[in-house]
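Peer 1: Got a predicted structure plus its sequence, pasted below:
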Amino acid sequence: QQQVKQSPQSLIVQKGGISIINCAYENTAFDYFPWYQQFPGKGPALLIAIRPDVSEKKEGRFTISFNKSAKQFSLHIMDSQPGDSATYFCAFHTGNQFYFGTGTSLTVIP
Amino acid sequence: NAGVTQTPKFQVLKTGQSMTLQCAQDMNHEYMSWYRQDPGMGLRLIHYSVGAGITDQGEVPNGYNVSRSTTEDFPLRLLSAAPSQTSVYFCASSYAGGNTEAFFGQGTRLTVV
């Protein structure tokens, strides 16, 4: 059973545009929501993370928005660049375990 | 610092063979875990450990064993490989509790024929 539903599966954005990836979750007993970025042939690396007592967090061009009542959180990438082309995973942590979304393949066209 | 080191990077096994995927970290992290990554499935937790001598099952533990005799090492054993275990395997580590940044290795691409 997929505990985290991530969409879209793939996304193509023009350079300078905004990339938006959404995740919906089922479990409410969470304590940490990270987003990971993965380049081909590499392991995932932490991009940005948020805790449930915060509704938004911004780091440079990357912003996480968290809607607790709707059980959704999203990643916004402003001014998207070709170097942002990668696969993005949302995740949440509960009970010593991480549950990951299915991933979004982002392609930023120059 | 090396971070999280996985070996081997690639492996081909025949059905029924056994093997051990190695994982070592040099960050003195208490929490270590193993994931498999399959197309369209994201990363799924196989087993995890909150410290030396303590292991527990994740979402997809069947067919895999782990042990944690030291803080640094967390090997994953495939007892009798099956084609369904063809996947990319990632080891990760983080500070105690697990609800902090997880550092991933480079992955092991395993093919079972």
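Peer 2: In hand now; what should we look at?
Peer 1: Which strands or helices does the host helix or strand of A:Ile48 pack on?
Peer 2: Assigned by DSSP states H and E, A:Ile48 belongs to strand A:45-50. Identification of packing neighbours for strand A:45-50 by 3 or more C-beta pairs under 8 Å, 6 or more residues apart in numbering or on different chains; DSSP states H and E yields strand A:33-38, strand A:56-59, strand A:62-67, strand A:72-77. Where C-beta positions appear, they are placed from N, C-alpha and C, glycine not excepted.
Peer 1: Please pull out the lowest mean pLDDT helix or strand from chain A.
Peer 2: Across the helices and strands of chain A, mean pLDDT, DSSP states H and E gives its lowest value to strand A:97-100, namely a mean of 88.
Peer 1: chain center to that one: distance?
Peer 2: 13 Å (C-alpha atoms, centre = their mean, to the nearest Å).
Peer 1: tell me what that strand is packed against?
Peer 2: strand A:86-94, strand B:42-51.
Peer 1: Can you give the strand pairings for that strand, parallel or anti for each?
Peer 2: Using DSSP bridges, the strands paired with strand A:97-100 in its sheet are strand A:86-94 (antiparallel).
Peer 1: Would you mind extracting the C-alpha trace of the partner strand into CSV?
Peer 2: Output in CSV follows, covering the C-alpha atoms of strand A:86-94 (Å, rounded to 0.1, in the frame of the first residue of the first chain):
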residue,chain,number,x,y,z
ALA,A,86,16.7,15.1,-12.0
THR,A,87,14.3,12.8,-10.2
TYR,A,88,12.7,14.2,-7.1
PHE,A,89,11.3,12.1,-4.3
CYS,A,90,9.1,13.3,-1.4
ALA,A,91,9.1,11.3,1.8
PHE,A,92,7.9,11.3,5.3
HIS,A,93,9.3,9.8,8.5
THR,A,94,7.3,8.0,11.1
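Peer 1: quick check, distance from that strand to the centre of its chain.
Peer 2: The chain centroid and the centroid of strand A:86-94 are separated by 6 Å under C-alpha atoms, centre = their mean.
Peer 1: tell me the angle that strand makes with strand A:45-50.
Peer 2: Angle, strand A:86-94 to strand A:45-50, by axes from the mean of the first three to the mean of the last three C-alpha atoms, to 10 degrees: 50 degrees.
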